[in-house]
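>>> give me a 3D structure for the following:
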Amino acid sequence: MAFLPLADALLSLQATDLWHWAAWLGLLYLVFIVTKLYVTWRDQVAAYRPFPGPLCHWLYGNAREFLEIGKDLDLIYQWSQKYAYGFSLWLGNFFATLIITQPDYAKAILARQGEGLLVSSGQKWFQHRRLLTPGFHYDVLKPYATLMADCTKTMLDKWERLVPDEKPVELFHHVSLMTLDTIMKCAFSNESNCQTDSDSAYTKAVYELTCMVDYRFRHVMYHSDLIYNLSPSGFRFRRLLKIAHKHTDKVIKQRKELLKNEKVLDKISQKRHLDFLDILLCARDENGRSLSDKDLRAEVDTFMFEGHDTTASGISWLLYVLAQHPEHQEKCREEIREVLGDRDTVEWEDLGKIPYTTMCIKESLRLYPPVPGVGRKLSKPITFCDGRSLPEGARVILSIYCINRSPGFWKDPEVFDPLRFTVENSADRHPHAFLSFAAGSRNCIGQNFAMNEMKVAAALILQRFQLLADPDKEPRKVPQIVLRSVNGIHVKLKKIEKD
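Next up is the predicted model:
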């Protein structure tokens, strides 16, 4: 019993020492974090000093400027008029990026490899690009025209039932379902029925995931993977990602089961059409290796997203622009009538016979690019045409929205003028002044697929409906990976009666 007070004292001393050690370790860790943040801040200040930008708050940087959703692009475009080539932007005081708004700077970035925010990089990217290129060959794309037409007609039949004359319709929802239906049928030979089953978990998951990526970008604290992964938003993001991946895995599994039959495999080249998934599953590199399951799913996910959401954005904004400019809309309709006559479908041979409609599509893509900005992290230092430099690891964002409207390369850049894209007017244009499909080696591999789908959709929609502007519901642009509108993209539809 006499030893108990002494034991208690020793235990107390040990506990005190432990707390002291814990306090010192905590303090050292805090000093380490603060030092690391200071070094990060100092290095970024030095890196972006040559590129002045708008005044920023000592703590929030420029983040508070973007709290009002729907003003982002107009604000960046306004700044682009003040700062030549580009400007630095700070989200908080520890995350800076250079916003590039001029074609010469864009050319320098796109000419070199960097770590993309939404794409793979380096040798892996080159290998996959080479394997995927056959999926966009003329012979593969040709049969898709009739499938695109069938999916568009399904949407138009819905519009006839749902929309009385001159009633406004929100375009993006319907068009997004149509383009998803198209990509599933063309690229994966899969009957998704998503246009008739718009409550599908996959469709909802894809839409919400794009919104959540934008939400995370706007909130500085969520730039930390640790904080985001522990947040409710992070948990929901992972749950939605599982839904999207489950859908992708199901599509791949069904095709693999089909290809197990050797007779089917032997007849791939003779089937009704060779699709993107066939090419992915049968692709082999120079060593005879096929894509891993992880890489296969990544490519399918990327193509399903880029093949439907970006095209949905392009078609929706095109219809909005044509509603705003009835004179151009009528010229397109007259051209389409001359080509299609009484036919209610579009064939491959028709796509090259509607040049004015094609110019309207390109001009719409210039003003409202489906992907308004592309991010890169530099893998090597770079020196731009005016002598200013950025170090390795610096982040840049190519503002395609601003580059496409650069006043030094486009006369009256905010005016809708399809004649900018005549052969004569396009001949001497800077190759990086129009970046809706990017440029160089990183250009959009699916741009011909997207252009074909936009032509088919425009032709059939204008054949059946007159598009009227809805002045009460002007869209408020928001870059949520693809260009959307906070309040939707609305037009009024008036059924055109056949003669």
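
>>> burial measure for Arg337, as a count.
Residues lying near Arg337 (other C-beta atoms under 10 Å) number 13. Glycine gets a C-beta too; all of them are placed from N, C-alpha and C.

>>> so which helix or strand takes in the nearest residue to it once chain neighbours are set aside?
Excluding the flanking residues, the one nearest Arg337 by C-beta to C-beta, 6 or more residues apart in numbering is Gln463, at 7.2 Å. Gln463 belongs to helix 447-464 when assigned by DSSP states H and E.

>>> cool, and Val478?
strand 477-480.

>>> just to revisit the earlier point, for the residue nearest to Arg337, give its distance to Cys444.
Counting by C-beta to C-beta, to the nearest Å, the gap from Gln463 to Cys444 is 27 Å.

>>> what about the strands in the chain?
In the chain, the strands defined using DSSP state E lie at 86-90, 96-100, 114-116, 167-170, 373-378, 382-383, 389-390, 395-399, 465-468, 477-480, 482-485, 490-495.

>>> need the ones you listed in a markdown table with distance to Met304 and mean pLDDT, can you?
Shown next, in a markdown table, are these (distance: least, C-beta to C-beta, whole Å; pLDDT from 0 to 100):
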| stretch | distance to Met304 | mean pLDDT |
| --- | --- | --- |
| strand 86-90 | 31 | 94 |
| strand 96-100 | 28 | 95 |
| strand 114-116 | 18 | 47 |
| strand 167-170 | 22 | 87 |
| strand 373-378 | 19 | 90 |
| strand 382-383 | 33 | 95 |
| strand 389-390 | 34 | 96 |
| strand 395-399 | 24 | 95 |
| strand 465-468 | 28 | 95 |
| strand 477-480 | 17 | 88 |
| strand 482-485 | 13 | 92 |
| strand 490-495 | 26 | 94 |
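
>>> so which of those strands comes closest to Gly288?
Among the strands of the chain, the nearest to Gly288 by C-beta to C-beta is strand 114-116 (28.0 Å).

>>> that older thread, next one: the strand holding Val478 to chain centre, how far?
With C-alpha atoms, centre = their mean, to the nearest Å as the basis, strand 477-480 stands 10 Å off its chain's centre.

>>> what's it packed up against?
helix 72-80, helix 201-218, strand 482-485 (3 or more C-beta pairs under 8 Å, 6 or more residues apart in numbering; DSSP states H and E).

>>> which one of those is the most hemmed in?
Of all those, strand 482-485 carries the top mean neighbour count, a mean of 24, counting by mean count of other C-beta atoms under 10 Å.

>>> okay, now the unreliable bits of this protein?
Scanning the chain for pLDDT under 70 picks out the ranges 1-18, 113-132, 134-135, 198-199, 218, 220, 261-274, 285-286, 440-442, 499.

>>> as CSV, the helices and strands packed on strand 477-480 with distance to Phe305 would be great.
Below are the helices and strands packed on strand 477-480 laid out as CSV (distance: least, C-beta to C-beta, whole Å):
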stretch, distance to Phe305
helix 72-80, 21
helix 201-218, 7
strand 482-485, 9
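
>>> quick one, which of those gets closest to Leu322.
With C-beta to C-beta as the criterion, Leu322 lies closest to strand 482-485 of the helices and strands packed on strand 477-480, at 16.0 Å.

>>> what pairs with the closest one, parallel or antiparallel?
The pairing partners recorded for strand 482-485 under DSSP bridges are strand 477-480 (antiparallel).

>>> residues touching the strand it pairs with, excluding its own?
The contact list for strand 477-480 (C-beta atoms under 8 Å, 6 or more residues apart in numbering) reads 69-70, 72-74, 210-211, 213-214, 368, 372-373, 401, 483-486.
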